[in-house]
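K.L.:
Sequence and predicted structure below; questions after.
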Amino acid sequence: MPFDGALAIDSHRRVWGWGLNGDSDLCLPGLLLLRPRRIPLGDVTLATGARTHALFDSHGKLYACGSGDAGELGNGSTTSSSKPTVVTGLPRAAGVSALTSSWEGSGALLSNGAYYDWGYNAAGQLGNRSTADSAVPVRVKLPAAVRQVFQGGSGPTNGQTIAVLRDGSVWTWGDNERGQLGDGTTASSDVPVRVKMPSGVRFVKVNSGGYACYAIDSSGRLWAWGGNQNGQLGTGIGVRVETRPVDVGIHLTQVSSTASNVAGLERRPG
């Protein structure tokens, strides 16, 4: 959870939360939790949150809590909940293999490669040819099964999703005010558009923040694109926007970002 809160799953699959709990997004009472407290769910295998709400996979079911203003709890309503509420409308045949979230947005990647999202949709963040919010999961139509997916977005003026498909292609959708879709334009899209990747490059890991996206290629090189108002692309502060992926000049094994900050893990020989 990148904004003033934290989640952790322990070795017994119990889930814990601490930090700011302003919208009961930790499924616990109290505004500020100074130490980890156990959240009332068991057998938790996945957890994600984005300030105002959180998602959990517990006993093979998906639960959410916190603000429901844009339908981000996925329970068919826009009612908020301080206790875990079941996400409805996902296919039961395939289990959830990954969860992702952004400001008022939620997403679930199923084991069969299908991706569903729900919640805020003012700039087409749901990728379903609409800009209407959805309180139930909707499937994003993509040309192949999804291998990895990540939602980015820190507020109502941004929000985008990036997905790596099993065929190696990379697709994005949602807000594109600062080129964060990586398709060479600044036009937002309510359907997936293909990232214009450099020739001969294959992305294997992706991440998205408020106005920027990041990818690590098969050789470990880090690429970035989108807004650079705070230097978050790592390419210097001279260029304000990059609408296509640019080589940052470093090699990483992991990358993580928020609205204006980025962190990476470098693996060195020995």
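P.N.:
Thanks, I have it.
K.L.:
How many neighbouring residues does residue 269 have?
P.N.:
Residue 269 has 3 neighbours, counted by other C-beta atoms under 10 Å. In short, each C-beta sits where N, CA and C put it, glycine included.
K.L.:
where's it, which helix or strand?
P.N.:
Taking DSSP states H and E as the definition, residue 269 sits outside all helices and strands.
K.L.:
Run through the chain and note the low-pLDDT ranges.
P.N.:
1-2, 270 (pLDDT under 70).
K.L.:
Show me how it divides into domains.
P.N.:
The chain resolves into domains spanning 1-141, 150-270 when parsed by automatic domain parsing.
K.L.:
centre of the chain versus the last one, how much separation?
P.N.:
Domain 150-270 sits 12 Å away from the centroid of its parent chain (C-alpha atoms, centre = their mean, to the nearest Å).
K.L.:
Next, the buried residues of the helix or strand hosting residue 264.
P.N.:
Using DSSP H and E, residue 264 falls within strand 262-265. Of the residues in strand 262-265, 262, 264 count as buried by neighbour count, 16 or more other C-beta atoms under 10 Å.
K.L.:
try stretch 20-27
P.N.:
Quick answer for stretch 20-27 (16+ other C-beta under 10 Å): 20, 21, 23, 24, 25, 26, 27.
K.L.:
So which residue is smack in the middle of this protein?
P.N.:
Against the mean C-alpha coordinate of the chain, by C-alpha atoms, centre = their mean, the closest residue is residue 151 at 2.3 Å.
K.L.:
Was I right to think it contacts residue 101?
P.N.:
Yes. Assessed by C-beta atoms under 8 Å, residue 151 is found in contact with residue 101 at 5.9 Å.
K.L.:
Overlap in contacts, the two.
P.N.:
Shared contacts of residue 151 and residue 101, defined by C-beta atoms under 8 Å, 6 or more residues apart in numbering, comprise 50, 107.
K.L.:
Strands of the stretch 151-270 of the chain, residue ranges please.
P.N.:
For the stretch 151-270 of the chain, the strands defined by DSSP state E, counting those that start in this stretch occupy 160-165, 170-174, 189-194, 203-208, 212-217, 221-227, 241-251, 254-257, 262-265.
K.L.:
And the stretch 1-150 of the chain, by the same measure?
P.N.:
Secondary structure of the stretch 1-150 of the chain (DSSP E, counting those that start in this stretch): strands at 5-9, 15-20, 32-38, 44-49, 53-58, 61-66, 81-86, 96-102, 105-110, 115-119, 134-139, 146-152.
K.L.:
out of these, deepest packed?
P.N.:
Mean neighbours per residue, mean count of other C-beta atoms under 10 Å, is largest over the strands of the stretch 1-150 of the chain for strand 115-119, with a mean of 28.
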